[in-house]
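Asks: Fold the following for me, if possible:
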Amino acid sequence: QVQLVESGGGLAQPGGSLRLSCAASGFTFSSYIMNWYRQAPGKERDLVAVINSAGGTTSVVNSVKGRFTISRDNAKNTVYLQMNSLKPEDTAVYYCNVQIGYTHYWGQGTQVTVSS
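Replies: Numbers count the residues shown, from 1 in each chain. I've put the predicted structure just below:
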């Protein structure tokens, strides 16, 4: 079965960095677009970053442009989110996502808290 396991979250100071990882299994990882979403308290879950199957095309939302980078290692079945220059408004639970057919699969999420 499809499994997505996020790691790397934690507490960071404003201006700091964190690197999230998402280990995938149960599907042909190298064939699928992968996404990172985040959900802040009391808000909807929003798309943050997308990477195509080969890793050559990426996109991030405007609010994180120039600060966050998505990448993947198809040999390790892992997708990453490098987060630099963190701001308090980046505080959220971050989720890894893949859509296979009509079904969205999600990891359990990893908490990122940005605070001094």
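Asks: contacting residues around Gly16?
Replies: Residues in contact with Gly16 (Cβ atoms under 8 Å, 6 or more residues apart in numbering) are Leu86, Val114. Every residue, glycine included, has its C-beta placed from N, CA and C.
Asks: any idea how far it is from Phe27?
Replies: 33 Å (Cβ to Cβ, to the nearest Å).
Asks: same thing with Ala92?
Replies: 26 Å.
Asks: The two: which is more packed in?
Replies: Applying other Cβ atoms under 10 Å to Ala92 and Phe27 shows that Ala92 carries more neighbours, namely 22 against 16.
Asks: Find the helix or strand that the spatially closest residue to the more buried one that is not a sequence neighbour is a member of.
Replies: Leaving aside its sequence neighbours, Ala92 sits nearest to Arg38 (Cβ to Cβ, 6 or more residues apart in numbering; 3.9 Å). According to DSSP states H and E, Arg38 maps onto strand 34-39.
Asks: Strands along this structure, start to end?
Replies: Using DSSP state E, the strands of the chain run over residues 3-7, 10-12, 18-25, 34-39, 45-51, 58-60, 68-73, 78-83, 92-100, 103-106, 110-114.
Asks: In TSV, list those along with mean pLDDT.
Replies: Below are those laid out as TSV (pLDDT from 0 to 100):
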stretch	mean pLDDT
strand 3-7	98
strand 10-12	97
strand 18-25	98
strand 34-39	98
strand 45-51	98
strand 58-60	96
strand 68-73	98
strand 78-83	98
strand 92-100	98
strand 103-106	98
strand 110-114	98
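Asks: Next one: the residue nearest the centre of the chain from Ser116, what distance?
Replies: For the chain, the residue sitting closest to the mean C-alpha position, by Cα atoms, centre = their mean, is Trp36 at 3.1 Å. Going from Trp36 to Ser116 by Cβ to Cβ gives 24 Å.
Asks: What number of residues are in the vicinity of Asp46?
Replies: For Asp46, using other Cβ under 10 Å, the count is 12.
Asks: So what pairs up with it in the strands?
Replies: Judged by DSSP bridges, the bridge partners of Asp46 are Arg38.
Asks: isn't it right up against Arg38?
Replies: Yes. Counting by Cβ atoms under 8 Å, Asp46 touches Arg38, with 6.1 Å between them.
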